[in-house]
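Engineer: Build the 3D model from these lines:
(one chain, ligands or ions: 1)
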Amino acid sequence: MARDDRPIGVFDSGIGGLTVLKEIFRALPGENTIYLGDTARVPYGSKSGETVVRYSLEIAEFLVKQGIKLFVVACNTASAYAIPELKKRLKIPVIGVIEPGAKAAIEATRTKRVGIIGTEGTIKSNSYVNAINALMNNKTENIIEHGEKSLDRYFEIRSGDFVIFTKACPLFVSLAEEGWTSNDIALLTAEHYLRGIKKENPDTLVLGCTHYPVLKDAISKVMGPEIKLIDSAVETVKVIGDILKNRNILRDSTEKPSRKFYVTDSPERFVKVGERFLEQKIEYIEKIVVSC
Ligand code: DGL
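Structural biologist: Numbers count the residues shown, from 1 in each chain. Just a heads-up that it's a prediction; the model follows:
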(Lines give C-alpha, C1' and ligand atoms only; values in the text may rest on other atoms or scores of the structure.)
Protein backbone atom coordinates (compact mmCIF):
# COMPACT_ATOMS: atom_id res chain seq x y z
CA MET A 1 0.00 0.00 0.00
CA ALA A 2 1.21 3.50 -0.86
CA ARG A 3 1.82 5.92 1.95
CA ASP A 4 0.68 9.49 1.39
CA ASP A 5 1.89 11.94 4.03
CA ARG A 6 0.16 14.96 2.53
CA PRO A 7 -2.26 16.48 5.03
CA ILE A 8 -6.05 16.58 4.77
CA GLY A 9 -7.18 20.23 4.60
CA VAL A 10 -10.28 21.06 6.64
CA PHE A 11 -11.98 24.41 6.26
CA ASP A 12 -14.65 26.11 8.31
CA SER A 13 -15.85 29.65 8.89
CA GLY A 14 -14.53 29.37 12.44
CA ILE A 15 -14.63 26.89 15.26
CA GLY A 16 -17.62 24.71 14.38
CA GLY A 17 -15.76 22.59 11.82
CA LEU A 18 -13.79 21.14 14.70
CA THR A 19 -16.72 18.73 15.08
CA VAL A 20 -15.67 17.30 11.69
CA LEU A 21 -11.97 17.43 12.55
CA LYS A 22 -12.61 15.60 15.83
CA GLU A 23 -14.33 12.85 13.88
CA ILE A 24 -11.33 12.69 11.48
CA PHE A 25 -9.02 12.31 14.50
CA ARG A 26 -11.24 9.48 15.78
CA ALA A 27 -11.81 7.60 12.52
CA LEU A 28 -8.50 8.32 10.73
CA PRO A 29 -6.05 8.85 13.59
CA GLY A 30 -2.88 8.50 11.50
CA GLU A 31 -3.68 11.31 9.06
CA ASN A 32 -1.82 14.63 9.04
CA THR A 33 -4.30 17.51 9.10
CA ILE A 34 -4.43 21.24 8.55
CA TYR A 35 -7.50 23.05 9.86
CA LEU A 36 -8.31 26.57 8.78
CA GLY A 37 -10.93 28.60 10.68
CA ASP A 38 -11.83 31.87 8.99
CA THR A 39 -12.39 33.50 12.38
CA ALA A 40 -11.95 37.06 11.10
CA ARG A 41 -14.98 36.70 8.81
CA VAL A 42 -17.25 34.32 10.76
CA PRO A 43 -20.27 33.96 10.63
CA TYR A 44 -20.85 32.76 7.08
CA GLY A 45 -24.42 31.74 7.92
CA SER A 46 -25.85 35.24 7.53
CA LYS A 47 -23.79 36.24 4.45
CA SER A 48 -24.78 36.13 0.78
CA GLY A 49 -23.91 33.12 -1.35
CA GLU A 50 -21.65 35.24 -3.50
CA THR A 51 -19.53 36.32 -0.52
CA VAL A 52 -19.36 32.79 0.88
CA VAL A 53 -18.09 31.49 -2.49
CA ARG A 54 -15.41 34.20 -2.65
CA TYR A 55 -14.20 33.47 0.90
CA SER A 56 -14.17 29.73 0.20
CA LEU A 57 -12.03 30.15 -2.92
CA GLU A 58 -9.53 32.29 -1.01
CA ILE A 59 -9.24 29.68 1.74
CA ALA A 60 -8.91 26.88 -0.81
CA GLU A 61 -6.04 28.66 -2.50
CA PHE A 62 -4.18 28.97 0.81
CA LEU A 63 -4.71 25.33 1.76
CA VAL A 64 -3.82 23.97 -1.67
CA LYS A 65 -0.51 25.85 -1.39
CA GLN A 66 0.15 23.87 1.81
CA GLY A 67 0.11 20.69 -0.29
CA ILE A 68 -3.12 19.09 0.96
CA LYS A 69 -4.38 15.87 -0.65
CA LEU A 70 -8.08 16.46 0.03
CA PHE A 71 -10.15 19.59 0.67
CA VAL A 72 -12.88 19.13 3.25
CA VAL A 73 -15.49 21.86 3.49
CA ALA A 74 -16.66 21.28 7.05
CA CYS A 75 -18.85 24.38 7.04
CA ASN A 76 -22.45 23.65 5.98
CA THR A 77 -23.00 27.17 4.66
CA ALA A 78 -19.83 27.03 2.53
CA SER A 79 -20.81 23.52 1.39
CA ALA A 80 -24.26 24.83 0.47
CA TYR A 81 -22.91 27.57 -1.78
CA ALA A 82 -19.33 26.88 -2.86
CA ILE A 83 -18.94 23.17 -3.69
CA PRO A 84 -19.61 23.40 -7.47
CA GLU A 85 -17.12 26.24 -7.93
CA LEU A 86 -14.49 24.56 -5.72
CA LYS A 87 -14.86 21.28 -7.62
CA LYS A 88 -14.46 23.13 -10.88
CA ARG A 89 -11.23 24.83 -9.79
CA LEU A 90 -9.40 22.34 -7.57
CA LYS A 91 -7.47 19.34 -8.85
CA ILE A 92 -7.78 17.44 -5.58
CA PRO A 93 -11.01 15.85 -4.26
CA VAL A 94 -13.42 18.32 -2.61
CA ILE A 95 -15.79 16.96 0.03
CA GLY A 96 -18.66 18.93 1.52
CA VAL A 97 -20.96 17.99 4.38
CA ILE A 98 -24.36 18.35 2.68
CA GLU A 99 -24.44 15.29 0.45
CA PRO A 100 -23.26 12.81 3.12
CA GLY A 101 -25.82 14.27 5.56
CA ALA A 102 -28.62 14.06 2.99
CA LYS A 103 -27.73 10.46 2.15
CA ALA A 104 -27.72 9.49 5.83
CA ALA A 105 -31.15 11.11 6.30
CA ILE A 106 -32.58 9.12 3.38
CA GLU A 107 -31.18 5.92 4.87
CA ALA A 108 -32.44 6.71 8.37
CA THR A 109 -36.02 7.80 7.67
CA ARG A 110 -38.84 5.28 7.65
CA THR A 111 -41.74 7.73 7.30
CA LYS A 112 -40.02 10.03 4.76
CA ARG A 113 -40.80 12.99 7.01
CA VAL A 114 -37.43 14.66 7.57
CA GLY A 115 -36.47 17.82 9.45
CA ILE A 116 -33.43 19.90 8.51
CA ILE A 117 -31.99 22.66 10.69
CA GLY A 118 -29.09 24.95 9.79
CA THR A 119 -27.94 28.54 9.43
CA GLU A 120 -30.04 31.09 7.56
CA GLY A 121 -27.77 30.68 4.51
CA THR A 122 -27.97 26.89 4.46
CA ILE A 123 -31.75 26.89 4.85
CA LYS A 124 -32.22 29.62 2.25
CA SER A 125 -30.05 27.73 -0.26
CA ASN A 126 -32.28 24.62 0.03
CA SER A 127 -29.12 22.62 -0.55
CA TYR A 128 -30.10 19.71 1.71
CA VAL A 129 -33.47 19.45 -0.04
CA ASN A 130 -31.75 19.61 -3.43
CA ALA A 131 -29.30 16.90 -2.36
CA ILE A 132 -32.16 14.64 -1.20
CA ASN A 133 -33.99 15.34 -4.47
CA ALA A 134 -30.89 14.48 -6.52
CA LEU A 135 -30.32 11.23 -4.63
CA MET A 136 -33.99 10.20 -4.82
CA ASN A 137 -34.62 11.49 -8.32
CA ASN A 138 -37.33 13.74 -6.91
CA LYS A 139 -38.43 17.27 -7.75
CA THR A 140 -39.73 19.89 -5.32
CA GLU A 141 -43.43 20.27 -6.00
CA ASN A 142 -44.62 22.57 -3.28
CA ILE A 143 -43.19 24.85 -0.56
CA ILE A 144 -45.41 26.04 2.27
CA GLU A 145 -44.22 28.65 4.77
CA HIS A 146 -45.40 28.23 8.37
CA GLY A 147 -45.09 30.69 11.28
CA GLU A 148 -45.06 34.44 11.08
CA LYS A 149 -42.12 35.57 13.18
CA SER A 150 -38.60 34.53 12.25
CA LEU A 151 -38.29 32.53 15.45
CA ASP A 152 -41.34 30.44 14.46
CA ARG A 153 -40.87 30.34 10.70
CA TYR A 154 -40.23 27.00 9.07
CA PHE A 155 -40.82 25.56 5.63
CA GLU A 156 -42.67 22.44 4.54
CA ILE A 157 -41.29 21.15 1.26
CA ARG A 158 -42.95 18.34 -0.68
CA SER A 159 -40.70 16.41 -3.06
CA GLY A 160 -41.86 13.05 -4.41
CA ASP A 161 -42.93 10.99 -1.40
CA PHE A 162 -40.75 13.06 0.96
CA VAL A 163 -42.03 15.84 3.20
CA ILE A 164 -39.09 17.92 4.39
CA PHE A 165 -39.31 20.56 7.13
CA THR A 166 -36.52 23.14 7.18
CA LYS A 167 -35.74 25.72 9.83
CA ALA A 168 -32.95 28.21 10.49
CA CYS A 169 -31.71 28.17 14.11
CA PRO A 170 -29.03 30.90 14.14
CA LEU A 171 -28.76 31.27 17.94
CA PHE A 172 -27.53 27.68 18.33
CA VAL A 173 -24.12 28.81 17.00
CA SER A 174 -23.58 31.32 19.82
CA LEU A 175 -24.88 28.89 22.44
CA ALA A 176 -22.43 26.21 21.29
CA GLU A 177 -19.50 28.63 21.33
CA GLU A 178 -20.43 29.88 24.82
CA GLY A 179 -20.53 26.30 26.03
CA TRP A 180 -24.22 26.72 26.93
CA THR A 181 -25.15 23.38 25.53
CA SER A 182 -27.46 21.79 28.08
CA ASN A 183 -28.52 24.55 30.47
CA ASP A 184 -32.03 26.02 30.69
CA ILE A 185 -31.25 28.67 28.04
CA ALA A 186 -30.15 26.02 25.55
CA LEU A 187 -33.31 24.01 26.25
CA LEU A 188 -35.62 27.00 26.01
CA THR A 189 -34.02 28.12 22.73
CA ALA A 190 -34.30 24.60 21.32
CA GLU A 191 -37.96 24.42 22.41
CA HIS A 192 -38.77 27.69 20.65
CA TYR A 193 -36.91 26.85 17.48
CA LEU A 194 -38.07 23.26 17.18
CA ARG A 195 -41.70 23.29 18.30
CA GLY A 196 -43.05 23.87 14.77
CA ILE A 197 -41.04 21.04 13.24
CA LYS A 198 -41.75 18.73 16.18
CA LYS A 199 -45.50 19.13 15.65
CA GLU A 200 -45.04 17.80 12.11
CA ASN A 201 -43.78 14.45 13.42
CA PRO A 202 -40.61 13.89 11.43
CA ASP A 203 -38.74 10.70 12.35
CA THR A 204 -35.31 12.10 11.38
CA LEU A 205 -33.65 15.47 11.98
CA VAL A 206 -30.50 16.59 10.14
CA LEU A 207 -28.15 18.72 12.23
CA GLY A 208 -27.16 20.83 9.22
CA CYS A 209 -24.65 23.13 10.87
CA THR A 210 -21.21 22.46 12.29
CA HIS A 211 -22.18 23.64 15.76
CA TYR A 212 -25.38 21.69 16.26
CA PRO A 213 -23.85 18.32 17.22
CA VAL A 214 -22.54 20.10 20.32
CA LEU A 215 -26.20 20.76 21.29
CA LYS A 216 -27.31 17.21 20.54
CA ASP A 217 -28.53 16.54 24.09
CA ALA A 218 -30.76 19.61 24.25
CA ILE A 219 -32.10 18.99 20.73
CA SER A 220 -32.81 15.35 21.49
CA LYS A 221 -34.54 16.24 24.77
CA VAL A 222 -36.88 18.58 22.89
CA MET A 223 -37.51 16.36 19.88
CA GLY A 224 -37.82 13.14 21.89
CA PRO A 225 -35.56 10.07 22.03
CA GLU A 226 -37.27 8.33 19.09
CA ILE A 227 -36.17 11.01 16.58
CA LYS A 228 -32.98 10.06 14.74
CA LEU A 229 -30.45 12.89 14.72
CA ILE A 230 -28.13 12.97 11.70
CA ASP A 231 -24.67 14.32 12.44
CA SER A 232 -23.20 15.35 9.09
CA ALA A 233 -19.69 15.25 10.60
CA VAL A 234 -19.80 11.48 11.17
CA GLU A 235 -21.25 10.83 7.69
CA THR A 236 -18.71 13.09 5.96
CA VAL A 237 -15.75 11.40 7.59
CA LYS A 238 -17.01 8.01 6.33
CA VAL A 239 -16.87 9.46 2.80
CA ILE A 240 -13.37 10.88 3.42
CA GLY A 241 -12.16 7.45 4.59
CA ASP A 242 -13.61 5.79 1.48
CA ILE A 243 -11.95 8.29 -0.87
CA LEU A 244 -8.55 7.88 0.82
CA LYS A 245 -8.84 4.11 0.58
CA ASN A 246 -10.13 4.00 -3.00
CA ARG A 247 -7.44 6.37 -4.26
CA ASN A 248 -4.81 4.59 -2.21
CA ILE A 249 -3.73 7.82 -0.51
CA LEU A 250 -4.05 6.86 3.17
CA ARG A 251 -1.11 7.86 5.36
CA ASP A 252 -1.10 4.44 6.93
CA SER A 253 1.53 5.20 9.57
CA THR A 254 1.81 4.79 13.32
CA GLU A 255 4.14 7.79 13.55
CA LYS A 256 2.58 10.72 15.42
CA PRO A 257 0.57 12.79 12.91
CA SER A 258 1.03 16.51 12.47
CA ARG A 259 -2.08 18.54 13.36
CA LYS A 260 -1.80 22.19 12.40
CA PHE A 261 -4.32 24.97 12.89
CA TYR A 262 -4.59 28.29 11.10
CA VAL A 263 -6.96 31.13 11.90
CA THR A 264 -7.55 34.51 10.28
CA ASP A 265 -8.02 36.38 13.58
CA SER A 266 -6.07 36.21 16.84
CA PRO A 267 -5.90 32.63 18.09
CA GLU A 268 -6.73 33.09 21.81
CA ARG A 269 -10.50 32.58 21.69
CA PHE A 270 -10.16 29.84 19.08
CA VAL A 271 -7.78 27.91 21.33
CA LYS A 272 -10.00 28.34 24.39
CA VAL A 273 -13.25 27.27 22.73
CA GLY A 274 -11.56 24.89 20.28
CA GLU A 275 -9.90 22.81 22.99
CA ARG A 276 -13.34 22.39 24.58
CA PHE A 277 -14.87 21.28 21.24
CA LEU A 278 -11.98 18.94 20.47
CA GLU A 279 -11.47 17.73 24.04
CA GLN A 280 -7.73 17.96 23.45
CA LYS A 281 -4.88 20.45 23.34
CA ILE A 282 -4.14 22.57 20.28
CA GLU A 283 -0.36 22.54 20.01
CA TYR A 284 0.37 24.40 16.76
CA ILE A 285 -1.66 27.43 15.73
CA GLU A 286 -0.83 30.40 13.54
CA LYS A 287 -2.70 33.49 12.42
CA ILE A 288 -2.63 34.03 8.67
CA VAL A 289 -3.96 36.49 6.11
CA VAL A 290 -5.87 35.08 3.15
CA SER A 291 -6.61 36.85 -0.10
CA CYS A 292 -6.69 35.89 -3.76
N1 DGL B 1 -19.89 26.81 10.15
C2 DGL B 1 -21.20 27.37 9.92
C3 DGL B 1 -22.08 26.29 9.27
O4 DGL B 1 -21.91 25.10 9.45
C5 DGL B 1 -21.82 27.90 11.19
C6 DGL B 1 -21.19 29.20 11.67
C7 DGL B 1 -21.30 30.33 10.65
O8 DGL B 1 -22.42 30.86 10.47
O9 DGL B 1 -20.29 30.67 10.07
O10 DGL B 1 -22.98 26.61 8.55
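Engineer: The residue of the chain at minimum distance from the ligand: helix or strand, and which one exactly?
Structural biologist: Closest to the ligand within the chain is Gly45: 2.7 Å, counting by Cβ to the nearest ligand atom. For glycine as for every other residue, the C-beta is placed from the backbone atoms N, C-alpha and C. Using DSSP states H and E, Gly45 falls within no helix or strand.
Engineer: so it touches Pro170, yeah?
Structural biologist: Yes - counting by Cβ atoms under 8 Å, Pro170 is a contact partner of Gly45 at 6.3 Å.
Engineer: overlap in contacts of these two?
Structural biologist: Contact criterion Cβ atoms under 8 Å, 6 or more residues apart in numbering; residues shared by Gly45 and Pro170: Thr119, Glu120.
Engineer: what's the neighbour count on Ala134?
Structural biologist: 11 (other Cβ atoms under 10 Å).
Engineer: quick one on the thing from earlier: so for Gly45 and Pro170, which sits in the more crowded spot?
Structural biologist: Neighbour count, other Cβ under 10 Å: between Gly45 and Pro170, Gly45 has more, with 27 against 18.
Engineer: Can you give me every residue that contacts that one?
Structural biologist: Counted by Cβ under 8 Å, 6+ apart, Gly45 has contacts Ser13, Thr77, Gly118, Thr119, Glu120, Gly121, Thr122, Pro170, Val173, Cys209.
Engineer: Ok, Ile144 next?
Structural biologist: Here Ile144 is in contact with Phe155, Glu156, Ile157 (criterion: Cβ under 8 Å, 6+ apart).
Engineer: now the last one, which residues is it bridged with?
Structural biologist: In this case it means Ile157. Per DSSP bridges, the residues bridged to Ile157 are Ile143, Ile164.
Engineer: Name the residues of the stretch 101-250 of the chain found near the ligand, please.
Structural biologist: Thr119, Thr122, Val173, Cys209, Thr210, His211 (Cβ under 6 Å from any ligand atom).
Engineer: redo that, cut-off 5 Å
Structural biologist: Residues of the stretch 101-250 of the chain lying close to the ligand by Cβ under 5 Å from any ligand atom are Thr119, Val173, Cys209, Thr210.
Engineer: Please convert those residues to TSV, extending it with secondary structure and pLDDT.
Structural biologist: Supplementary listing: those in TSV, determined by DSSP: H, G, I helix; E, B strand; the rest coil; pLDDT from 0 to 100:
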residue	secondary structure	pLDDT
Thr119	coil	96
Val173	helix	93
Cys209	coil	95
Thr210	coil	92
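Engineer: re the thing from before, neighbour-wise, which one of the contacts of Gly45 leads?
Structural biologist: Busiest of the contacts of Gly45 [other Cβ under 10 Å] is Thr77, holding 34 neighbours.
Engineer: quick one on the thing from earlier: narrow the contacts of Gly45 to those in helices?
Structural biologist: Those of the contacts of Gly45 mapping onto helices are Thr77, Glu120, Gly121, Thr122, Val173, per DSSP state H.
Engineer: Excluding sequence neighbours, find me the nearest residue to the third one.
Structural biologist: With Cβ to Cβ, 6 or more residues apart in numbering as the measure, Thr77 is the residue that lies nearest to Gly121, at 4.3 Å, once sequence neighbours are left out.
Engineer: tell me which element Val10 is part of?
Structural biologist: strand 8-12.
Engineer: Now do that strand: distance to the chain's middle.
Structural biologist: 11 Å (Cα atoms, centre = their mean, to the nearest Å).
Engineer: Which elements pack onto the helix or strand containing Lys245?
Structural biologist: Assigned by DSSP H and E, Lys245 falls within helix 232-246. Where contact means 3 or more Cβ pairs under 8 Å, 6 or more residues apart in numbering; DSSP states H and E, helix 232-246 is packed against helix 18-27, strand 70-73, strand 94-96, helix 98-108, strand 204-208.
Engineer: The helix or strand following it - contacts with which helices or strands?
Structural biologist: Downstream of helix 232-246, the first helix or strand assigned by DSSP H and E is strand 259-263. Helices and strands touching strand 259-263, by 3+ Cβ pairs under 8 Å, 6+ apart, are strand 33-37, helix 267-278, strand 284-287.
Engineer: now with 6 Å?
Structural biologist: strand 33-37, strand 284-287 (3 or more Cβ pairs under 6 Å, 6 or more residues apart in numbering; DSSP states H and E).
Engineer: The longest one pairs with which strands?
Structural biologist: Strands that pair with strand 33-37, judged by DSSP bridges, come out as strand 8-12 (parallel), strand 259-263 (parallel).
Engineer: can I get these in CSV with mean neighbour count, mean pLDDT and distance to the ligand?
Structural biologist: Listed next are the strands paired with strand 33-37 as CSV, based on neighbours: other Cβ atoms under 10 Å; pLDDT from 0 to 100; distance: least, Cβ to the nearest ligand atom, whole Å:
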stretch, mean neighbour count, mean pLDDT, distance to the ligand
strand 8-12, 27, 97, 5
strand 259-263, 21, 97, 13
